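*Asks:* Okay, here's the prediction I keep looking at, along with the sequence it came from:
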Amino acid sequence: MSHSHTRVADALRDEACPVTEVLDHVAGKWSIGILIAAAHGPVRFTELERAIDGISRRMLTLNLRRLERDGLLVRTVHPTVPPKVEYSLTPMARELHASLTALVGWAERHRLAIARARAAYDARART
């Protein structure tokens with residue numbers, strides 16, 4: 001391996017790996033749903049569970065913990081009987097929500113064009 005190739009590989013590892021790790025956390029199917037659902041104010045576990053179609057309790061719990069660990073959610077426990085737990089977005093997550101909203105808008109605007117491109121590609125591949 002050449003010296004320049006090693007430098008490029010090192011730069012990719014140093015710069016891309018942290019970005020990839022963050023994107024893996026926030027761009028996952030469940031994370032996006034949680035962030036979008038929590039953007040409308042403090043939300044309880046059961047509200048999230050109902051809002052996110054198909055998520056299991058375990059998967060919701062794991063994703064909430066990971067998002068809290070990443071600094072995107074704040075978990076607030078109210079001292080009541082039974083305890084009331086709410087989740088809300090941090091300022092950093094609010095900024096991310098704006099980007100996710102833009103991405104969702106882009107996907108909606110281009111969904112049909114992407115479907116047509118896929119169909120055309122598949123048709124060419126069959127010939």
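*Replies:* Perfect, I can see it now. Numbering: from 1, shown residues only.
*Asks:* Just the buried residues of the longest helix anywhere in the chain, please?
*Replies:* If you go by DSSP state H, the chain has its longest helix at helix 91-126. Using 16 or more other C-beta atoms under 10 Å as the test for burial, helix 91-126 gives Ala93, Leu96, His97, Leu100. Yep, even glycine has a C-beta here, placed from its N, CA and C like the rest.
*Asks:* Reformat those residues into JSON lines and put pLDDT and distance to Gly41 next to each item.
*Replies:* JSON lines is the format used below for those (pLDDT from 0 to 100; distance: C-beta to C-beta, whole Å):
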{"residue": "Ala93", "pLDDT": "95", "distance to Gly41": "13"}
{"residue": "Leu96", "pLDDT": "91", "distance to Gly41": "16"}
{"residue": "His97", "pLDDT": "90", "distance to Gly41": "12"}
{"residue": "Leu100", "pLDDT": "85", "distance to Gly41": "17"}
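*Asks:* Torsion angles phi and psi at Thr76?
*Replies:* Per-residue torsions, Thr76: phi -120, psi 120 (degrees, to the nearest 10).
*Asks:* per-residue pLDDT, the closest residue to it other than its chain neighbours?
*Replies:* Counting by C-beta to C-beta, 6 or more residues apart in numbering, Glu86 is the residue found nearest to Thr76 once chain neighbours are left out, at 4.9 Å. Note for Glu86: predicted pLDDT of 96.
*Asks:* If anything else comes up later, I'll come back, but that's it for now.
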